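[1] Okay, predicted coordinates and the sequence, questions at the end:
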Amino acid sequence: MHTWNDSAPIYQQLADRLAVQLLDGAPPEGEAMPSVRNLASQYLINPLTVSRALQALVDNGLVESRRGMGMYVVAGARQRLLRSERERFLQKEWPALRAKLRRLGLRPDDLNWEEQQ
């Protein structure tokens with residue numbers, strides 16, 4: 001069961017979920033995205049909402065519409081996503097995370113990164 005929250009419109013939350021999947025390589029560049037009908041059924045949402053989410057991915061240059069064939073992941077989409085997600089993390093998330101680590105008195109050695117993987 002997929003849950004949605006009130007933090008953003010559902011189409012944006014779906015676009016974000018699909019972007020994470022693209023970042024993970026699913027579907028691979030050059031391959032077709034799942035159909036609107038398939039995504040609507042999978043996420044239990046209106047097909048128009050799915051269309052808006054896919055259009056957001058088109059607007060961000062991650063997928064392209066091929067007339068009569070569907071939506072396809074464009075070449076370089078993963079790199080583009082990786083670059084923008086890294087930038088967003090470093091600009092927005094990392095400063096807050098670093099401040100919290102300092103407040104808690106945690107150092108890199110305290111995080112045991114290797115043991116958790």
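    Nice, I can see it. Residues are numbered from 1 along each chain as shown.
[2] Going by residue numbers, what spans are helices in this structure?
    Applying DSSP state H to the chain gives helices spanning 10-23, 36-43, 47-59, 77-88, 94-104, 113-116.
[3] Kindly export the second one (C-alpha atoms) in PDB.
    Looking back up the chat, that one is helix 36-43. Output in PDB follows, covering the C-alpha atoms of helix 36-43 (Å, rounded to 0.1, in the frame of the first residue of the first chain):
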ATOM      1  CA  VAL A  36      -0.100   5.600 -17.100                       C
ATOM      2  CA  ARG A  37      -2.700   2.900 -16.600                       C
ATOM      3  CA  ASN A  38      -0.200   0.600 -15.000                       C
ATOM      4  CA  LEU A  39       1.100   3.300 -12.600                       C
ATOM      5  CA  ALA A  40      -2.400   4.400 -11.800                       C
ATOM      6  CA  SER A  41      -3.300   0.800 -10.900                       C
ATOM      7  CA  GLN A  42      -0.100   0.200  -9.000                       C
ATOM      8  CA  TYR A  43      -0.400   3.400  -6.900                       C
END
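[4] Mind giving me the packing neighbours of that helix?
    Helix 36-43 is packed against helix 10-23, helix 47-59, with contacts defined by 3 or more Cβ pairs under 8 Å, 6 or more residues apart in numbering; DSSP states H and E. (Each C-beta comes from the backbone N, C-alpha and C, glycine too.)
[5] would you list the ones you listed in CSV and tack on mean neighbour count?
    Formatted as CSV, these follow (neighbours: other Cβ atoms under 10 Å):
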stretch, mean neighbour count
helix 10-23, 18
helix 47-59, 18
